[in-house]
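Trainee: Show me how the following folds:
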Amino acid sequence: MAAWGRRRGVPVNRESRRDRPKSIRGRMQCVLPGSQGQSPPRGVMSSTDCYIVHEIYNGENAQDQFEWELEQALEAQYKYIVIEPTRIGDETARWIAVGNCLHKTAVLSGVSCLLTPLSLPLEYSRYVALPAGAVSVACALLYGISWQFDPCCKYQVEYDSQKLSRLPLHTLTSSSPVVLVRKDDIHRKRLHNTIALAALAYCVKKVYELYVV
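Mentor: Numbers count the residues shown, from 1 in each chain. The predicted model follows:
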């Protein structure tokens, strides 16, 4: 998909907010009714913390415009990003879900690889540990190539109704927008990379013992 291709490492033109057209800059914030010139009500998300990709069709290139706005919001590192267009929202949610699946698979299969020799006899453990280690390394490698440097992977889909209630979702025309929340993923990257490397070391050692020694 076009949006996915751009997220997998193709550079995005970075523009400052001052350089954007006024019509775009006005859509780069969650403007709350009655809040212009005033502090937002207590418990309501500040307009500078949120970005809304509105589903407004202004010609044949509307989908490209939606993708451009989403990419700009990801680069700007907004705390919350609300995606109103259904297609772009679904693609982004699936992309994040696949990345999460790769991360979890790398961790679980790596842990299985490392713990199997402790729970099974040595003559049988390699039949479980080696495939599990290979899966862990493959998932970590795929994540590192396609997801690790993608700004979209700094976000997760927000489902917490209490947090969603702080966003101006009532101002949208869509009844089911996708809401992304920015989260620090450095620890989970270190976790699955460390486990995958340990699994790789075990697999190399075991293969060496089986076929070289």
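
Trainee: Tell me the helix or strand right after the helix or strand bottoming out on mean pLDDT in the chain.
Mentor: With mean pLDDT, DSSP states H and E as the measure, the helix or strand of the chain carrying the lowest mean pLDDT is helix 22-25 (a mean of 39). Using DSSP states H and E, the helix or strand that follows helix 22-25 towards the C-terminus is strand 50-53.

Trainee: What lies in contact with that following strand?
Mentor: 27-30, 66, 69-70, 73, 76, 78-85, 88, 167-168, 172 (C-beta atoms under 8 Å, 6 or more residues apart in numbering). Bear in mind the C-beta positions are built from the backbone N, C-alpha and C, glycine included.

Trainee: Counting only helices, which of the residues you listed make the cut?
Mentor: Using DSSP state H, Phe66, Glu69, Leu70, Ala73, Ala76, Ile88 are the members of the contacts of strand 50-53 that sit in helices.

Trainee: In a markdown table: those, plus neighbour count, distance to Ile52 and pLDDT.
Mentor: Below are the ones in helices among the contacts of strand 50-53 laid out as a markdown table (neighbours: other C-beta atoms under 10 Å; distance: C-beta to C-beta, whole Å; pLDDT from 0 to 100):
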| residue | neighbour count | distance to Ile52 | pLDDT |
| --- | --- | --- | --- |
| Phe66 | 22 | 11 | 88 |
| Glu69 | 22 | 9 | 91 |
| Leu70 | 24 | 11 | 92 |
| Ala73 | 22 | 9 | 92 |
| Ala76 | 15 | 13 | 90 |
| Ile88 | 20 | 12 | 91 |
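
Trainee: Which of the residues in stretch 165-176 are classified as buried?
Mentor: Using 16 or more other C-beta atoms under 10 Å as the test for burial, stretch 165-176 gives Arg166, Leu167, Pro168, Leu169.
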